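Visitor: I need the structure of the sequence given here:
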Amino acid sequence: MEFHSLNIIDPILRALEEEGYTNPTPVQEQAIPIVLQGTDLLGCAQTGTGKTAAFAVPILQLLSAGHSNEKRRKIRSLIVTPTRELAIQIDESFKAYGKYTGLNSTVVFGGVAQGPQTTILQRGVDVLIATPGRLLDLMNQGYISLKDIEIFVLDEADRMLDMGFIHDVKKLLAALPVKRQSLFFSATMAPEIIKLAATILHNPSKVMVTPSATTVDTVQQSVYFVDKGNKNALLVDILQDKNIRTALVFTRTKHGADKVVKVLLRYDIKAEAIHGNKGQNARQKALANFKDKSTRVLVATDIAARGIDVDDMEYVINFELPEVPETYVHRIGRTGRAGASGTAYTFCDATEKPLLKDIEKLIQIRIPVNDNHPFPLMDHNAVKPPKQQFRRPESRRPETRRPESRQPESRPASAIGIIKKARY
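Guide: Model (predicted):
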């Protein structure tokens with residue numbers, strides 16, 4: 001099937017062709033006709049399936065049908081998403097797909113001065129993409145009114161709940177018109193997600209392009225068992241492969257991300273970190289450098305990486321396993337996007353084996369073990385950390401470093417040198 005088979009108007013088809021889009025992905029093929037009918041939609045779609053176009057294209061078409069040349073435009077569609085990176089990405093998509101429609105869009109998020117954002121809002125926009133905190137703030141100041149919203153989208157609903165935005169979402173829902181079309185997207189469908197969807201949607205159609213919490217088939221996964229103190233050395237060793245042009249590395253904490261970057265820079269591997277402690281300009285610059293490949297390695301925490309969308313990214317490396325199994329699915333979903341191939345490496349020390357077991361139970365596959373590396377796990381009896389209540393990965397304090405295990409005496413001198421230099 002091609003996009004023109006979905007009854008998309010010529011201005012949008014033209015823009016899609018210029019973006020290199022010819023055939024819709026499964027979620028686009030199923031969702032676009034539903035949204036064009038004006039029906040509410042409940043969508044379960046993984047990262048990298050083309051979800052943004054699945055709602056952006058029909059929204060632009062519906063708004064075009066009722067578009068007027070009023071001097072002061074009213075916000076007719078609102079897309080709420082959890083992170084600034086994802087909000088920016090969605091706004092870029094609306095601008096690309098809608099450049100021949102006469103419609104305009106803007107994005108608002110916190111962490112930056114509100115002046116430039118309010119200036120654009122005062123001129124009037126058709127589509128607003130926003131993170132919850134800044135949206136509520138500008139509503140309270142009188143810069144944003146939701147009374148004219150025709151189409152509302154809640155994107156990445158599972159991450160929204162993980163980040164504690166449920167109360168903000170409820171406040172936004174109370175300000176929306178009762179008569180509206182609502183679209184709800186989530187990568188997972190846990191009971192609390194279904195409960196939230198029921199408060200937003202009215203007789204929705206459902207689109208589920210992949211089973212909940214499964215990994216895409218095009219991603220080649222492998223796990224490396226390694227002592228915690230040798231993870232830096234293993235990462236440096238893997239990155240000696242020049243075929244790895246870019247890699248997205250995940251850590252659990254902001255502090256851990258910064259430490260990994262310092263190690264990589266010491267070995268002349270160009271790397272930058274992206275996490276919540278970084279200013280918005282620094283985060284956007286790091287992401288831009290990664291996209292144009294002037295930065296080879298981007299080290300990120302889970303929340304900061306949620307909106308990263310980089311074409312042809314082939315490698316994701318889990319430097320530390322996530323505490324929540326579903327997060328693993330989101331991480332490796334950064335590669336193997338829209339049918340492309342990808343590779344995901346996971347480092348696992350002895351204390352993380354229970355986390356690996358939970359992940360394999362969730363995705364219902366056994367991740368192949370790669371034991372052909374110079375830093376095999378030696379301390380098999382590391383003390384299992386006490387089970388803690390779930391906290392967001394970025395707010396979790398780094399674990400206290402345990403004494404390192406002694407390495408085999410037969411290790412090559414060069415490898416031993418890396419170990420000594422790369423330890424935390």
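
Visitor: drop to CA atoms for contacts and neighbour counts, all remaining ones
Guide: Noted.

Visitor: what about the strands in the protein?
Guide: 41-44, 77-80, 105-108, 127-130, 151-154, 181-186, 205-208, 219-225, 247-250, 271-274, 297-300, 315-318, 342-348 (DSSP state E).

Visitor: ranges for the helices of the stretch 151-300 of the chain?
Guide: 157-162, 166-175, 191-200, 231-238, 254-266, 280-291 (DSSP state H, counting those that start in this stretch).

Visitor: tell me the mean pLDDT for the last one?
Guide: Summarised as a single mean, pLDDT over helix 280-291 is 83.

Visitor: How about the fifth one?
Guide: Along helix 254-266, the predicted local confidence has a mean pLDDT of 95.

Visitor: Who are the packing partners of that helix?
Guide: helix 231-238, strand 271-274, strand 297-300 (3 or more CA pairs under 8 Å, 6 or more residues apart in numbering; DSSP states H and E).

Visitor: follow-up on the earlier one: export the strands of the chain to TSV and tack on mean neighbour count?
Guide: Below are the strands of the chain laid out as TSV (neighbours: other CA atoms under 10 Å):
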stretch	mean neighbour count
strand 41-44	24
strand 77-80	24
strand 105-108	23
strand 127-130	26
strand 151-154	23
strand 181-186	24
strand 205-208	17
strand 219-225	20
strand 247-250	26
strand 271-274	26
strand 297-300	26
strand 315-318	24
strand 342-348	22
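
Visitor: confidence score at P408?
Guide: 41.

Visitor: my read: N381 touches K353, true?
Guide: No: using CA atoms under 8 Å, N381 is not in contact with K353, being 10.9 Å away.

Visitor: who has more neighbours, those two?
Guide: Set N381 next to K353 and count neighbours by other CA atoms under 10 Å: K353 wins out with 15 against 8.

Visitor: Run through the stretch 151-300 of the chain and note the low-pLDDT ranges.
Guide: The stretch 151-300 of the chain contains residues with pLDDT under 70 at 210-216, 280.

Visitor: and with 50 instead?
Guide: 212 (pLDDT under 50).

Visitor: so which of the strands of the chain gets nearest L6?
Guide: strand 205-208 (16.0 Å; CA to CA).

Visitor: That closest one - contacts with which helices or strands?
Guide: Against strand 205-208 (3+ CA pairs under 8 Å, 6+ apart) you get helix 26-36, strand 41-44.

Visitor: Kindly present the ones you listed as TSV, with separate columns for distance to A54 and mean pLDDT.
Guide: Formatted as TSV, the helices and strands packed on strand 205-208 follow (distance: least, CA to CA, whole Å; pLDDT from 0 to 100):
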stretch	distance to A54	mean pLDDT
helix 26-36	4	95
strand 41-44	10	94
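
Visitor: Would you mind splitting the protein into its domains for me?
Guide: Split into domains by automatic domain parsing, the chain comes to 3-208, 219-422.

Visitor: could I get the helices and strands packed on helix 254-266 as a markdown table with distance to S186?
Guide: Formatted as a markdown table, the helices and strands packed on helix 254-266 follow (distance: least, CA to CA, whole Å):
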| stretch | distance to S186 |
| --- | --- |
| helix 231-238 | 32 |
| strand 271-274 | 23 |
| strand 297-300 | 21 |
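
Visitor: wait, which of these is closest to T131?
Guide: Nearest of the helices and strands packed on helix 254-266 (CA to CA): strand 271-274, 18.0 Å.

Visitor: Other residues contacting the closest one?
Guide: Strand 271-274 is contacted from outside by 257-258, 261, 264-265, 283, 286-287, 295-301, 304-305, using CA atoms under 8 Å, 6 or more residues apart in numbering.

Visitor: Would you confirm that V249 contacts E314?
Guide: No: contact criterion CA under 8 Å: V249 and E314 do not qualify, at 11.9 Å.

Visitor: what would the helices of the stretch 151-300 of the chain look like in JSON lines with distance to L138 and mean neighbour count?
Guide: Below are these laid out as JSON lines (distance: least, CA to CA, whole Å; neighbours: other CA atoms under 10 Å):
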{"stretch": "helix 157-162", "distance to L138": "19", "mean neighbour count": "20"}
{"stretch": "helix 166-175", "distance to L138": "12", "mean neighbour count": "14"}
{"stretch": "helix 191-200", "distance to L138": "22", "mean neighbour count": "15"}
{"stretch": "helix 231-238", "distance to L138": "43", "mean neighbour count": "20"}
{"stretch": "helix 254-266", "distance to L138": "29", "mean neighbour count": "19"}
{"stretch": "helix 280-291", "distance to L138": "18", "mean neighbour count": "17"}
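
Visitor: Point out where the stretch 1-150 of the chain drops to low pLDDT.
Guide: Those would be none, if you go by pLDDT under 50 across the stretch 1-150 of the chain.

Visitor: which residues of it fall in helices?
Guide: So, for the stretch 1-150 of the chain - with DSSP H, counting those that start in this stretch - the helices run 10-18, 26-36, 51-65, 84-97, 115-123, 132-140.

Visitor: As CSV, those with mean neighbour count and distance to L103 would be great.
Guide: Output for those, formatted as CSV (neighbours: other CA atoms under 10 Å; distance: least, CA to CA, whole Å):
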stretch, mean neighbour count, distance to L103
helix 10-18, 17, 11
helix 26-36, 21, 17
helix 51-65, 21, 7
helix 84-97, 21, 9
helix 115-123, 14, 13
helix 132-140, 17, 21
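
Visitor: Out of the ones you listed, which gets nearest to R159?
Guide: Comparing these by CA to CA, helix 84-97 comes nearest, at 11.5 Å.

Visitor: Contact partners for R180?
Guide: Residues near R180 by CA under 8 Å, 6+ apart: I149, E150, I151, F152.

Visitor: if you set the cut-off to 7 Å instead, what comes out?
Guide: I149, E150, I151 (CA atoms under 7 Å, 6 or more residues apart in numbering).

Visitor: Done for today, thanks.
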